[in-house]
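1. Coordinates for the following, if possible.
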Amino acid sequence: MQTGTIAKYAGIALALAGLLVLPGCWVQSIHGLYEEGMSKQNPDVVVDQRLTGSWSASEPGIGDENKCNAVVVITSKDDIYGLRWPVQEGCSDAEKNYEARLVRLDAYYFLDALAPQDAVCDTCIATHQIFRVDFDRDGFSLTPIDSDWLNKSLAARSLTLATLPDDSETVTASTADLKNFCRKFAGDPAVFRPDSALTFTRVSAAHPASHH
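-> Numbers count the residues shown, from 1 in each chain. Modelled structure (predicted):
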């Protein structure tokens, strides 16, 4: 693959990675965890209202000295989630918007997020960011694929997963291969490291309560 093409893919990683600073580099994928362009709904794509609402995001390794209290608003329509980071006091980032789908593979949930098409340049391809989702009573957490583990496993040939020739953190594997990878390693703490999880705590309900 030509260097220019590699740059096209690698240079448009979801800006979410710039806002939510996790240890190391981020793994991104050319393909998603769902089949695009299907006439029928993807059987693995699900909707879970536990994701909708307004959330305070806590980043690993960020202490009280950080004056940016990021809040994300998550809405859902059909099987597509909208993620919006409004401009926050003390934050330098402009408002950001993303689309995501929730994919259930066996007993695990994964969030597949990417920039909407109208936010991507005409000659670029939006790359997918894939996180394992873990729900708890107060909210949920998102854990990315650990890039160090991926690089070491590919170098040791203990893992077969297609990536760009000069960028092992940009995965080019098919949707089917991605699903197989996530099913196999979902519960592995070396692949989805607990200390790299981003936690979200609810700050307000997405819709009115059902009781008075």
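
2. burial count for Phe135?
-> 12 (other Cβ atoms under 10 Å). To be clear about C-beta, it is placed using only N, CA and C from the backbone, and glycine gets the same treatment.

3. That one: what's it in contact with?
-> Contact analysis of Phe135 by Cβ atoms under 8 Å, 6 or more residues apart in numbering lists 48, 50, 109.

4. Leaving out chain neighbours, which residue sits closest to the second one?
-> Looking back up the chat, that one is Arg50. Of all residues not flanking Arg50 in the chain, Phe135 sits nearest, at 5.4 Å (Cβ to Cβ, 6 or more residues apart in numbering).

5. gap between Val133 and Leu114?
-> 16 Å (Cβ to Cβ, to the nearest Å).

6. Between the two, tell me which one has more neighbours.
-> Leu114 (24 against 20).

7. thought that one was touching Tyr98?
-> Yes. At 6.6 Å, Leu114 and Tyr98 qualify as touching, with contact defined as Cβ atoms under 8 Å.

8. Endpoints of stretch 42-54, how far apart?
-> 27 Å (Cα to Cα, to the nearest Å).

9. ok so, going back, kindly indicate which of the contacts of Phe135 lies nearest Thr199.
-> Closest approach to Thr199 among these (Cβ to Cβ): Arg50, at 13.8 Å.

10. Now for that closest one, how many residues are close by?
-> 13.

11. Three-state assignment for it, please.
-> Here Arg50 is helix, with the state taken from DSSP: H, G, I helix; E, B strand; the rest coil.

12. and Val45, how many neighbours does it have?
-> 19.

13. likewise the one 10 residues further on?
-> Here the count is done by other Cβ under 10 Å, and Trp55 has 22 residues near it.

14. was I right about it contacting Thr201?
-> Yes. Contact criterion Cβ under 8 Å: Trp55 and Thr201 qualify, at 6.5 Å.
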